[in-house]
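*Asks:* Give the three-dimensional model of this entry:
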Amino acid sequence: VMTINEIRELSLEELEVKVNELKQELFNLKFQKTLGQLQNTAKIRDVKRTIARLKTVVTEKTDK
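*Replies:* Modelled structure (predicted):
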């Protein structure tokens with residue numbers, strides 16, 4: 001899990017790449033949950049929150 005300070009240090013391109021990676025990871029986690037293979041379901045919540053943090057920083061940077 002990335003901290004907000006680590007996220008703010010990334011460039012816009014890096015943020016977009018990270019969002020896409022996490023969306024793919026979220027898809028995989030949901031798929032594993034459906035198949036009953038996911039042990040730690042809290043990981044889904046953590047990934048969603050990290051995506052939200054990244055998108056917030058993207059908005060902050062593009063509005064300046």
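*Asks:* which stretches of the chain form helices?
*Replies:* In chain order, the chain shows helices spanning 4-8, 12-35, 42-63, with DSSP state H as the criterion.
*Asks:* Convert the C-alpha atoms of the first one to CSV, please.
*Replies:* Spelled out, it's helix 4-8. Output of helix 4-8 as CSV, limited to C-alpha atoms (Å, rounded to 0.1, in the frame of the first residue of the first chain):
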residue,chain,number,x,y,z
ILE,A,4,-0.1,9.7,-0.2
ASN,A,5,3.4,11.2,-0.1
GLU,A,6,4.8,8.5,-2.3
ILE,A,7,1.8,8.9,-4.7
ARG,A,8,2.3,12.7,-4.9
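*Asks:* Mind listing what's buried along it?
*Replies:* I7 (16 or more other CB atoms under 10 Å). Quick note: C-beta positions are derived from backbone N, CA and C, even for glycine.
*Asks:* Give me the contacts around that helix.
*Replies:* By CB atoms under 8 Å, 6 or more residues apart in numbering, the residues outside helix 4-8 that reach it are 15, 53-54, 57.
*Asks:* Who wins on neighbours among these?
*Replies:* Greatest neighbour count in those, by other CB atoms under 10 Å, goes to L54: 23 neighbours.
*Asks:* so what's the most centrally placed residue in the chain up against?
*Replies:* When the chain is reduced to its mean C-alpha position, the nearest residue by CA atoms, centre = their mean turns out to be I51, at 2.9 Å. Counting by CB under 8 Å, 6+ apart, I51 makes contact with 19, 22-23, 26.
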